[in-house]
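Student: The sequence and its predicted three-dimensional model are supplied below.
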Amino acid sequence: MASEDSQDVSLTEALSSVNAFPTNTKTQHLSDGFSRVREILNYTPTDSADATWQRLNLGLLQIVPVGSYGYGLHDDSSDLDLTVVGGLGAPIFYRIVQLRVRMIGIEYGVKVSKFVDAKDASMLELEVSFKAGDGSEGSKGSVMVDLHYAQAPGLLSRWNEIADLPSEDIALALPAGTRRKINAYRDMVYILRRIPNKETFALAYRFIRTWAKRRGLYSSRFGLLSGFHITLLLFRLIKKQAVAEMVEKESSASQILALFFNEYAEFDWEKEEVVDPEIKLVNHKRSWTEPISILTPNSPHFNVSANATKHSVYALQKELGRAKDLVNANAPWENLFGSDPQQTALEMLSEYTNFIKIDLSFWGSSIGRGKNFVGWTESRIVHLLIEIQTYFPSLNVRLFPTRFKLPTLDNAQPTELTSFYLLGVHNTAPATTTSSTDPSSKRIQENKFLLVLTRFTDAVKRNDLIYNPSEAYISCSYTRSLPKEGIELDNNQTWDFLGDASTFSTDSTDLDLEEAPSRPEEPNEDLKALESTSYDLASLPPKTSPLRPAHDVLNRLRWDQSYDVRDYVVGYDDRFLGIMEMGVEAWSNEKTEEEWIPMHRVVYFKRVSDGVIVWDRRVALDGVFGSGRGMFESKPVERVEEEVSKAGEEGDENERKEVAEEGGKEPGDVDVEKVGGDKGDAVGEVVSG
C-alpha cells in the first residue's frame with residue numbers, strides 16, 4: 001500500500017481534477033460579501049441627527065459567519081450564511097434591513113433577492129455583485145448571502161462568552177427557533193476547537209462531499225446528506241478514535257476516509273445515533289419517525305436528519321457499502337465518485353428497471369414564481385416517499401436529487417423549465433408471495449400505488465398560491481423504462497430553489513428589485529411609518545395575528561425537543577361532560593381510533609408541572625408560537641378563566657376556522673386504505689418489472 005503522504009497527494013489530485021477546492025476569487029467574494037453586508041447593517045451617516053437614519057437604527061448587533069464559509073469548508077458553489085443577533089423583534093429587523101438595502105445597497109452592490117417568512121426559519125436572501133473597479137480584490141461575479149436573525153438581547157453583553165455558556169444558562173432560555181440559530185454558531189465554535197488538524201479534516205470533508213454529490217446522496221431537503229451532516233459524521237469519527245485509542249498521533253486524510261467508509265457502511269442507522277462521544281446524557285427523545293439520527297453537539301440536541309425516511313437509509317447503505325469495498329481494495333480515489341457526472345448518473349439509473357417519473361414544466365414570465373413552484377414540488381416529494389414507506393413497506397425507492405432532461409431540449413428557451421425527477425423503485429418482497437401471483441391482488445396493489453402518485457400531484461396543484469395551470473404543469477407516473485432518446489442531467493440552475501424545502505413557506509417571496517429605485521427619491525410609505533415608530537421594546541404595542549391552530553401547537557409540543565411532552569395536557573370540550581383533559585402523549589390524530597377527538601374541540605394546552613396555560617383558543621393566548629396577541633405569553637389557570645368570562649366572540653371565531661379546515665377532504669384526496677389489500681403486500685405488477 002502506498003505511504004500515507006502519497007495517498008493524501010493522490011487524494012488532493014483527485015479532488016483538484018473535479019474542482020472541489022474554492023478558487024481565490026470565490027474566497028475573496030465571500031469575504032468581501034461579508035464585509036459589505038456588515039457595513040450596511042452598521043451604517044451610520046455623517047449627519048447622525050438625520051431623522052430618517054435614526055428611525056433605521058438597528059441597535060447593537062453581533063454578525064458572525066456560519067455554514068461552510070464559517071467552517072472554512074466552502075467551495076465555488078457555496079453561499080454565505082450569516083447569523084445576526086440583536087435586540088429588535090425579527091419582523092422589525094428584516095423590515096429595516098430591506099429599507100437600508102434599498103437606500104444605500106447600490107453603493108455596495110447589494111440588493112434583496114428573497115424574503116422567506118417560515119415557521120421558526122425566517123431568512124432574508126441578499127445578492128452581492130462584484131464588478132471591475134468597485135474596490136473588490138476579486139474579479140466580477142456575485143455571491144448570495146442568507147441572513148438569519150435571532151432576537152436575543154440578553155446575549156449581546158455576554159457575546160465574548162457565548163461559546164462557553166452552559167446550556168442551562170438563563171441567557172440561553174430562548175424560543176426553540178431562536179436557540180437553534182444561536183446554536184449554529186455555538187456548534188461551529190465547539191467543533192472547530194476540537195479538531196486536531198483542520199487541514200486534514202477539510203481534505204477528508206471535501207472528498208466525502210464530492211463523493212456524496214456524485215453518487216446522488218447530497219440533498220438534505222430530500223432526507224439525504226448536507227455539508228453539516230458530513231461535518232458531524234466526521235467529527236464523531238475523529239472523537240471516537242481519539243477516545244478509543246487515546247493516541248496523540250494525528251491520522252492522515254486517507255486514513256480518516258478509510259475509517260469513515262468502514263465505520264458507516266456497518267452502522268445501524270435505525271438503532272444507533274450519531275452524537276459526540278463525549279456527551280454522556282443526550283436530551284433527545286428519538287421518535288419512530290426518525291430512521292436516521294445525527295445530533296448537534298450543543299443542547300438541546302437537534303436531529304439534522306429530520307427529513308430522512310427509510311429510503312434514505314437504503315440509499316446510504318447501498319453507496320457506503322460500495323465505497324467501503326473500493327477503499328478496501330485500494331482502488332484509485334476517483335473511482336469512488338467517477339470522473340464524469342453524466343456517466344455516473346446513468347450508471348446508477350441502470351441498476352433499476354422501474355421508476356417513478358415526476359415531470360415539471362413552467363413557462364411563466366416570473367422566474368421567482370418558477371423557483372417557488374420547484375421548491376414547493378420538492379417539499380412534497382418527501383411526503384410522497386413517506387406515503388410509499390407507509391403503504392408499501394417492501395419497496396425501496398432511490399431518489400436522485402437532481403433534475404433530468406431530454407437531449408432534444410438543448411435549445412429550449414432559458415426562461416422555460418422542462419425537466420423531470422427520477423425515483424428508482426426496487427421491491428424486496430419475495431416473488432412467490434400470494435399477492436404477486438393472484439391477478440386480483442396485483443390489480444388492487446397497482447391501483448393503490450397509482451393512487452398514491454395521484455395524491456402527490458393533487459397536493460401540489462391544490463396550492464393555488466404556487467401552482468397556476470396557465471403557467472405550470474406537473475405529472476407523476478410509473479414507468480418501466482427510461483426514455484428511448486436518452487436523458488441528460490439538467491444543469492440549468494435558474495430554477496433551483498436555494499433553501500431547505502422542509503421549511504418551504506408559501507410566504508417565500510422573490511423580490512424583483514430591478515424595477516424599484518435603489519435610493520427612493522422621497523420617503524415611501526414604509527419610511528413614513530417608521531418615522532412614527534419607537535424601538536423601545538417595552539413600549540411597542542402587541543401585534544395581533546391569527547391564532548396558530550391547535551394542531552400546530554400539538555405538533556410543536558410533541559416533536560420540539562425543548563418541550564417535555566409528558567409535562568403537557570390537552571383540554572378539550574366533551575359534548576356531554578364539559579372540558580376534560582388528556583395527556584398530549586395519549587392524544588390521537590387518527591380518525592380510525594375510537595378515542596379520536598376533532599381538533600376544533602381543543603380548548604387549551606396546559607403545562608402540568610406549574611399549572612400554566614400555554615395556549616388557549618378562547619382568549620387568543622399563545623405562549624408557544626407567540627401568535628394571537630403577538631406575545632410569547634403563558635398564564636395561570638385562574639387568570640385565563642377571568643379573561644374567558646370577559647372574552648367576546650374571538651374564541652368562537654377561531655373554532656369556526658378550524659372546523660372549516662377539518663371539514664371534509666380536500667378535492668382529489670383519495671383514501672388509500674379503502675382501495676383494498678394489506679399495507680404489507682408487495683406492489684404487484686407495478687414494481688415486479
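Tutor: Thanks, I have it.
Student: my guess is Glu334 contacts Thr12, does it?
Tutor: No: under the contact definition of CB atoms under 8 Å, Glu334 does not touch Thr12, with a separation of 11.8 Å. Any C-beta I mention is one placed from the backbone N, CA and C, and that applies to glycine too.
Student: which residues does Gly141 bridge with?
Tutor: Taking DSSP bridges as the rule, Gly141 bridges to Phe130.
Student: count of residues packed around it?
Tutor: Residue neighbour count, defined by other CB atoms under 10 Å, stands at 16 for Gly141.
Student: per-residue confidence for it?
Tutor: pLDDT recorded at Gly141 is 87.
Student: For it, give its distance to Leu82.
Tutor: As defined by CB to CB, to the nearest Å, Gly141 lies at a distance of 19 Å from Leu82.
Student: Could you pull up the residues touching Asp81?
Tutor: Residues touching Asp81, when contacts are defined by CB atoms under 8 Å, 6 or more residues apart in numbering, comprise Pro65, Val66, Gly67, Ser68, Tyr69, Gly70, Val145, Asp146, His148.
Student: Quickly name whichever of these is closest to Gly154.
Tutor: His148 (18.3 Å; CB to CB).
Student: give me the element that closest one is part of.
Tutor: Using DSSP states H and E, the secondary-structure element containing His148 is strand 141-151.
Student: Check what contacts that strand and list those residues.
Tutor: So strand 141-151 is contacted by 25-26, 29-30, 33-34, 37, 66-67, 79-90, 93-94, 97, 113, 122-130, 174, 178, 181-182, 184, 498 (CB under 8 Å, 6+ apart).
Student: Return the set of buried residues in that strand.
Tutor: For strand 141-151, a neighbour-count test (16 or more other CB atoms under 10 Å) marks Gly141, Val143, Met144, Val145, Asp146, Leu147, His148, Tyr149, Ala150, Gln151 as buried.
Student: how about CSV for those, with distance to Asp47 added?
Tutor: Putting the buried residues of strand 141-151 into CSV (distance: CB to CB, whole Å) gives the following:
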residue, distance to Asp47
Gly141, 34
Val143, 31
Met144, 33
Val145, 28
Asp146, 32
Leu147, 27
His148, 32
Tyr149, 27
Ala150, 31
Gln151, 29
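Student: where along the stretch 201-350 of the chain do the helices fall?
Tutor: Counting by DSSP state H, counting those that start in this stretch, the segments of the stretch 201-350 of the chain that form helices are 227-245, 253-265, 310-328, 334-337, 341-349.
Student: Quick one: closest of the ones you listed to Ile381.
Tutor: helix 310-328 (10.7 Å).
Student: Tell me which of the helices of the stretch 201-350 of the chain approaches Arg214 most closely.
Tutor: Judging the helices of the stretch 201-350 of the chain by CB to CB, what sits closest to Arg214 is helix 334-337, at 3.8 Å.
Student: avg pLDDT for that closest one?
Tutor: Averaging pLDDT residue by residue across helix 334-337 gives 90.
Student: Summarise which helices and strands that helix is packed against.
Tutor: The criterion is 3 or more CB pairs under 8 Å, 6 or more residues apart in numbering; DSSP states H and E, and the helices and strands that helix 334-337 contacts are helix 198-214, helix 310-328.
Student: hey, which of these is tucked in deepest?
Tutor: When the helices and strands packed on helix 334-337 are scored by mean count of other CB atoms under 10 Å, the highest mean neighbour count falls to helix 198-214 (a mean of 21).
Student: and that one, how far from the chain's centre?
Tutor: If you compare the mean C-alpha spot of helix 198-214 with that of the full chain, they lie 22 Å apart, counting by CA atoms, centre = their mean, to the nearest Å.
Student: Residues touching that helix, excluding its own?
Tutor: By CB under 8 Å, 6+ apart, helix 198-214 touches 8, 11-12, 14-15, 18, 20-21, 72-73, 75, 192, 195, 217-218, 224-225, 227, 230-231, 233-234, 238, 250-253, 256-257, 260, 323, 333, 336-338, 341, 344.
Student: tell me the angle of it relative to helix 253-265?
Tutor: An angle of 50 degrees separates the directions of helix 198-214 and helix 253-265 when computed by axes from the mean of the first three to the mean of the last three CA atoms, to 10 degrees.
Student: Only C-alpha atoms, please: export helix 198-214 in CSV.
Tutor: Extracted C-alpha coordinates of helix 198-214, given in CSV (Å, rounded to 0.1, in the frame of the first residue of the first chain):
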residue,chain,number,x,y,z
LYS,A,198,-8.1,21.4,10.4
GLU,A,199,-6.4,20.9,7.1
THR,A,200,-6.7,17.1,7.3
PHE,A,201,-10.3,17.4,8.4
ALA,A,202,-11.1,19.7,5.5
LEU,A,203,-9.5,17.4,2.9
ALA,A,204,-11.5,14.4,4.2
TYR,A,205,-14.6,16.6,4.2
ARG,A,206,-14.2,17.8,0.7
PHE,A,207,-13.8,14.2,-0.6
ILE,A,208,-16.9,12.9,1.2
ARG,A,209,-18.9,15.9,0.0
THR,A,210,-17.8,15.4,-3.6
TRP,A,211,-18.5,11.6,-3.3
ALA,A,212,-22.0,12.3,-1.9
LYS,A,213,-22.8,14.8,-4.7
ARG,A,214,-21.6,12.5,-7.5
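Student: Please find the angle between the direction vectors of it and helix 227-245.
Tutor: An angle of 130 degrees separates the directions of helix 198-214 and helix 227-245 when computed by the same axes, to 10 degrees.
Student: sorry, back to before: next step: the contacts of strand 141-151 restricted to strands.
Tutor: Cross-referencing these against strands under DSSP state E gives 66, 80-86, 113, 123-130.
Student: Out of the residues you listed, which end up buried?
Tutor: Among these, those that count as buried by neighbour count (16+ other CB under 10 Å) are 66, 80-86, 113, 123-130.
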